[in-house]
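Participant: What follows is a predicted structure for the sequence shown.
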There are 2 protein chains.
Amino acid sequence: MNIESMLNKIRKQLHEASYKLTPQREATVLVLLENEKDHLSAEEIYMLVKQKSPEIGLATVYRTLEMLTDLKVVDKLSFNDGLARYDLRKEGAKHFHHHLLCLECGSIEEVEEDLLLDVEEIVEQRYLFLVKDHRLTFHGVCNACQQKLKNNQNAQ
Amino acid sequence: MNIESMLNKIRKQLHEASYKLTPQREATVLVLLENEKDHLSAEEIYMLVKQKSPEIGLATVYRTLEMLTDLKVVDKLSFNDGLARYDLRKEGAKHFHHHLLCLECGSIEEVEEDLLLDVEEIVEQRYLFLVKDHRLTFHGVCNACQQKLKNNQNAQ
DNA sequence: GATTAATTTGTAATCATTATAAATTAATTA
DNA sequence: TAATTAATTTATAATGATTACAAATTAATC
Ligand SMILES: [Mn+2]
Ligand SMILES: [Mn+2]
Ligand SMILES: [Zn+2]
Ligand SMILES: [Zn+2]
């Protein structure tokens, strides 16, 4: 699905919640769409939006991100690096995707398939907890870093 | 396992990493042990430690928590409420336990059994990612709030 | 006991985020 | 259309969590 039609879909979502897609909001959403694989912070988004709309204010970016979070267009998440990061929901995804955080290089890989269906079943039955969503991040070593570590070992 | 022997175990861990268990550090660890079911913030821990050792400084609590995080005695985590929370690792637990966050009342329930063994298998094989640990939080409605919501519906 | 190293304290600085008031823009009404 | 009202944005101040720093204290070593 291309950016234009994604944008239209989001515009509709805003209108249904009786928000307008102002130029500032549109510029912010565009940055998110153009960087959908990334996990940008508010400040990083602000810097990118400024390239399109140099007059935008940081507070507006924050407010827009809050609104998009409420509407579940983006997910706000934290990888324990002291600031919030924003992640576009995948098109039509019922549940939030998972993340693989490399402890060596800091890279974040995405896992789009939902691996938690069985686990959620257990949680609902055994803990009587009604699951609405989840956050799952694996900490470990990405493939590239595994190779690097192996080579270093051989070199010594 | 009682608090005294837990404390001794942690003392040993510190010594192995050539840290001392100073009175301030001991008071901080004791607060964590006495509230192992909670998910306290640095400020909350500071307040509780002050009751034992009124002369302790906030900076020391922060430094101690950082040290304990490095030694994997505690896990630092964030429930998106704007501050870090600290969680004692379960005795002998290889992996970090899971959390059930209620969107209605904000309560946090713990799930000690590891439900992710199969999922980790898949991640290692399919994504060639070497898993070291994980963070899993379910968002939803706790049992108590489900009852409350049901009653409210009937009352209307 | 003197010297050196580790730790703690109180406080200042920093950084992310939120609040506020004035200005701008859009929507509604007369 | 012009006037009025509501929504939004901007720049900036305030807040709150965390980190940095210098002086003081405590422990370890000589
Ligand atoms: Mn993602
Ligand atoms: Mn916990
Ligand atoms: Zn890596
Ligand atoms: Zn609840």
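Facilitator: Thanks, I have the structure now. Numbering: from 1, shown residues only, chains lettered A, B, ... in the order given. Ligands and ions are numbered 1, 2, ... in the order given.
Participant: near ligand 1, which residues of chain A?
Facilitator: Within chain A, the residues that sit near ligand 1 (C-beta under 5 Å from the ion) are A:D87, A:E110. The way it works is simple: take the backbone N, C-alpha and C, and place the C-beta from them, glycine included.
Participant: per-domain residue ranges of chain A.
Facilitator: Residue ranges for the structural domains of chain A, counted by automatic domain parsing, are given in the record as A:1-92, A:94-156.
Participant: which one of those lies closest to ligand 3?
Facilitator: When these are compared by C-beta to the ion, domain A:94-156 sits nearest ligand 3, at 3.1 Å.
Participant: Please compute how far that closest one lies from its chain's middle.
Facilitator: Distance of domain A:94-156 from the chain centroid (C-alpha atoms, centre = their mean, to the nearest Å) equals 14 Å.
Participant: same deal with stretch A:15-25?
Facilitator: In this view, stretch A:15-25 has its centroid 20 Å away from the chain centroid, taken as C-alpha atoms, centre = their mean.
Participant: Buried residues in it, which are they?
Facilitator: Neighbour-count burial for stretch A:15-25, with 16 or more other C-beta atoms under 10 Å in any protein chain shown as criterion, is recorded at A:Y19, A:L21, A:Q24, A:R25.
Participant: Among the residues you listed, which lie within helices?
Facilitator: The helices in this structure, assigned by DSSP state H, contain A:Q24, A:R25 from the buried residues of stretch A:15-25.
Participant: in the worst-scoring helix or strand of chain A on mean pLDDT, what's buried?
Facilitator: Of all helical and strand segments in chain A, the minimum by mean pLDDT, DSSP states H and E falls on helix A:143-155, at a mean of 92. Of the residues in helix A:143-155, A:C145, A:Q146 count as buried by neighbour count, 16+ other C-beta under 10 Å.
Participant: Show me what it is packed against.
Facilitator: Other helices and strands packing on helix A:143-155, by 3 or more C-beta pairs under 8 Å, 6 or more residues apart in numbering or on different chains; DSSP states H and E, are absent; none qualifies.
Participant: For the longest strand along chain A, buried residues please.
Facilitator: Across chain A, the strand with the greatest residue count (assigned by DSSP state E) is strand A:130-141. By neighbour count with 16+ other C-beta under 10 Å, strand A:130-141 contains the buried residues A:L130, A:V131, A:D133, A:H134, A:R135, A:L136, A:T137, A:F138, A:H139, A:G140, A:V141.
Participant: quick check, it touching ligand 4?
Facilitator: No: judged by C-beta under 5 Å from the ion, strand A:130-141 and ligand 4 are separated, with a smallest distance of 9.7 Å.
Participant: and the angle for that strand with helix A:143-155?
Facilitator: Angle, strand A:130-141 to helix A:143-155, by axes from the mean of the first three to the mean of the last three C-alpha atoms, to 10 degrees: 30 degrees.
Participant: And the residue of chain A that's closest to ligand 4?
Facilitator: A:F129 (9.2 Å).
Participant: tell me which element the closest residue to A:E26 other than its chain neighbours falls in.
Facilitator: Closest residue to A:E26 apart from its sequence neighbours, by C-beta to C-beta, 6 or more residues apart in numbering or on different chains: A:L7 at 7.2 Å. Under the assignment given by DSSP states H and E, the secondary-structure element containing A:L7 is helix A:3-16.
Participant: And that helix, how far out from the chain middle?
Facilitator: 17 Å.
Participant: which outside residues touch that helix?
Facilitator: By C-beta atoms under 8 Å, 6 or more residues apart in numbering or on different chains, the residues outside helix A:3-16 that reach it are A:K20, A:L21, A:R25, A:E26, A:V29, A:L30, A:L33, A:E34, A:M67, A:L71, A:V73, A:E91.
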